[in-house]
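> I would like the atomic coordinates for the input below:
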Amino acid sequence: MTGSALAFMKPDYMKPACTERSARMDMDALKREAARRALDYVQGGMRLGLGTGSTARHFVELLGERVRDGLDVIGVPTSEATRADAERCGVKLTTLDETPELDLTIVHQSPDGAATFPYVSPDDWTEVSREQHVGYDFVQFRPTPKG
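Residues are numbered from 1 along each chain as shown. Take a look at the predicted model:
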C-alpha cells in the first residue's frame, strides 16, 4: 500500500452498563461515531480499503450517503459482507489486483475472527497524528520516506 494513510479505529472498553441491552446500544453508538469520524478523512477521488465488521458496516453506510450526495470514491472490500454492503449503498468497487495502491484504509486495531492487519513497522510507517476520543482512537500513518 505505497502512499497510503491508515486510520485505526479502536473501541474502548466500556464501564459496566445498567443492562446488557443498553451496553450494546452504547457500544453500537460508539462504533457509528467512530465510523462517522473516519469519514472525515475521506476526500473525493480516494481509493479506500473497506474493512469488515460492525464498525466497517456503519462506515460503508455513511460513505454511501456521501456517495449519493456526489462524492466520487472507489473501495476495495475485505470481505463478501462488506462487498454486499458497499454495493447496496452505491459505493463503486474494485480489487487490489486492479488498484494496488490505496489512499486510506479503515481498520479495527484488534480485528475479530480471521481478519488480520500486518504489523505497522516504524521502519516503514511514521505516525503523523493521534486523536483520542471516548470509545475509539485514530492513529494516522504515512509511509516513512526512504533514503
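> hey, let's count contacts and neighbours off CA atoms from now on
Noted.
> which parts of the longest helix anywhere in the chain are buried?
When the chain is parsed with DSSP state H, its longest helix is helix 20-39. Residues of helix 20-39 classed as buried: 27, 30-39 (neighbour count, 16 or more other Cα atoms under 10 Å).
> same question, stretch 75-83
Under the neighbour-count criterion of 16+ other Cα under 10 Å, stretch 75-83 has 75-78, 82-83 buried.
> for the longest helix of the chain, C-alpha coordinates in PDB please.
Extracted in PDB, the C-alpha atoms of helix 20-39 (Å, rounded to 0.1, in the frame of the first residue of the first chain):
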ATOM      1  CA  GLU A  20     -26.800  -5.700  28.600                       C
ATOM      2  CA  ARG A  21     -29.200  -4.100  26.100                       C
ATOM      3  CA  SER A  22     -28.100  -0.600  27.000                       C
ATOM      4  CA  ALA A  23     -24.400  -1.600  26.800                       C
ATOM      5  CA  ARG A  24     -25.000  -3.000  23.300                       C
ATOM      6  CA  MET A  25     -26.800   0.200  22.300                       C
ATOM      7  CA  ASP A  26     -24.000   2.400  23.800                       C
ATOM      8  CA  MET A  27     -21.300   0.300  22.000                       C
ATOM      9  CA  ASP A  28     -23.200   0.500  18.700                       C
ATOM     10  CA  ALA A  29     -23.400   4.300  19.100                       C
ATOM     11  CA  LEU A  30     -19.700   4.500  19.700                       C
ATOM     12  CA  LYS A  31     -19.000   2.400  16.700                       C
ATOM     13  CA  ARG A  32     -21.200   4.600  14.500                       C
ATOM     14  CA  GLU A  33     -19.400   7.700  15.800                       C
ATOM     15  CA  ALA A  34     -16.000   6.200  15.100                       C
ATOM     16  CA  ALA A  35     -17.200   5.400  11.600                       C
ATOM     17  CA  ARG A  36     -18.500   9.000  11.200                       C
ATOM     18  CA  ARG A  37     -15.200  10.400  12.300                       C
ATOM     19  CA  ALA A  38     -13.300   8.100   9.900                       C
ATOM     20  CA  LEU A  39     -15.300   9.600   7.100                       C
END
